[in-house]
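*Asks:* Just need the structure, nothing else, for what follows:
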Amino acid sequence: MSSYRIVPAMHVLRQNNRYPKLDWPVDQLQVGEAFIVPTDNGKDPDGRPEAYIRVCADKCAVRLGIKLSCRKVDDGMAISRVA
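*Replies:* Sure thing, here's the model as predicted:
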């Protein structure tokens, strides 16, 4: 006999932790241009941590076939197009 208790699934369902869709101007960037994602305490206004911002930038770059660089600056995270 199992010692695990069976409960209704609605008591254990997780909340959806998705972030809003990005509205970054990545597709408008020319080589040598950048934009800054503002951060406060290591998170953007929607709550994405800096590591997640870097992953999002990489995914955008792969999707568009370009190269992006992320650099932490005073105002937030600078995302630059390098190729």
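*Asks:* for this protein, what spans make up the helices?
*Replies:* Assignment of helices within the chain using DSSP state H yields the ranges 50-64.
*Asks:* And the nearest residue to Arg48 once chain neighbours are set aside, how far from Ala61?
*Replies:* On the basis of C-beta to C-beta, 6 or more residues apart in numbering, the spatially nearest residue to Arg48 that is not a chain neighbour turns out to be Tyr19, at 5.6 Å. Just so you know, the C-beta spots here come from the backbone N, C-alpha and C atoms, and that holds for glycine as well. Counting by C-beta to C-beta, to the nearest Å, the gap between Tyr19 and Ala61 amounts to 18 Å.
*Asks:* could you give the mean pLDDT of stretch 38-46?
*Replies:* The average of the pLDDT scores along stretch 38-46 is 94.
*Asks:* got the contact list for that stretch?
*Replies:* With C-beta atoms under 8 Å, 6 or more residues apart in numbering as the contact definition, stretch 38-46 has outside contacts at 19-20, 37, 49-50, 53, 75-77.
*Asks:* now swap in stretch 53-70 and tell me
*Replies:* Under C-beta under 8 Å, 6+ apart, the answer for stretch 53-70 is 22, 24, 26-27, 29, 37, 39, 44, 48, 77-83.
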